[in-house]
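Visitor: with the sequence up front, the predicted model follows.
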Amino acid sequence: MDENIEKNLDSLSRKVVKDASLERPSENFMDSVMAQVTALEDNRVTVYQPLISRKGWILIAIIFLSVMSYAIFNNQNTEPGWFGTLDFSIFYKNEITTLLTGVSIPQVLTYAVVLFGGMFGLQISLLKHHFNQRLQH
């Protein structure tokens, strides 16, 4: 029964496809489409807006500099207060730090990590410049 239904559907779809005529676009179809595409390209211009505005950066710099200057030029001899009562020995007196004291990092690895970081930073700046140029054109 299922085979009979499939055969009927197959023959029906073959007849429909055979009888369907191929539609042809008008003669100036390509010109009209290209005119619409160029009109769209002219209207859509990407304007670069930074996430943090210039005023925001200035405000952040002022706050940072004021906190740093207060910390540097504040010469009051105060007692440690509650901060002195905290026990930070858990950070430097544990099994992991005692295991890592015997590990020596080769100088070649240090050079490789520094070079990798420098190249990574260079690549980011070059890619940023590339994508900015691509957005402008």
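Guide: Thanks, I have the structure now.

Visitor: low-confidence ranges in the chain?
Guide: 1, 39-46, 75-80, 137 (pLDDT under 70).

Visitor: would you map the helices across it?
Guide: All helices of the chain, identified by DSSP state H, fall at 2-19, 29-43, 54-73, 89-92, 95-100, 107-136.

Visitor: and L99, how far from F131?
Guide: 44 Å (C-beta to C-beta, to the nearest Å). Where you see a C-beta, it was placed from the backbone N, CA and C, and this is true even at glycine.

Visitor: equivalent analysis for N8, please.
Guide: 57 Å.

Visitor: quick one on the thing from earlier: I'd like the helices of the chain as JSON lines, with mean neighbour count and distance to F83 appended.
Guide: JSON lines is the format used below for those (neighbours: other C-beta atoms under 10 Å; distance: least, C-beta to C-beta, whole Å):
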{"stretch": "helix 2-19", "mean neighbour count": "9", "distance to F83": "81"}
{"stretch": "helix 29-43", "mean neighbour count": "10", "distance to F83": "59"}
{"stretch": "helix 54-73", "mean neighbour count": "10", "distance to F83": "14"}
{"stretch": "helix 89-92", "mean neighbour count": "8", "distance to F83": "15"}
{"stretch": "helix 95-100", "mean neighbour count": "9", "distance to F83": "22"}
{"stretch": "helix 107-136", "mean neighbour count": "10", "distance to F83": "33"}
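
Visitor: wait, which of those is closest to W82?
Guide: helix 89-92 (17.0 Å; C-beta to C-beta).

Visitor: can you show me the CA trace of that closest one as CSV?
Guide: Provided in CSV are the C-alpha atoms of helix 89-92 (Å, rounded to 0.1, in the frame of the first residue of the first chain):
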residue,chain,number,x,y,z
SER,A,89,49.9,33.1,55.4
ILE,A,90,47.6,30.7,53.6
PHE,A,91,48.8,32.2,50.4
TYR,A,92,52.5,31.7,50.9
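
Visitor: G81: which of the helices of the chain is closest?
Guide: It is, among these and with distance given as C-beta to C-beta, helix 54-73, at 15.6 Å.

Visitor: give me the contacts around that closest one.
Guide: I52 (C-beta atoms under 8 Å, 6 or more residues apart in numbering).
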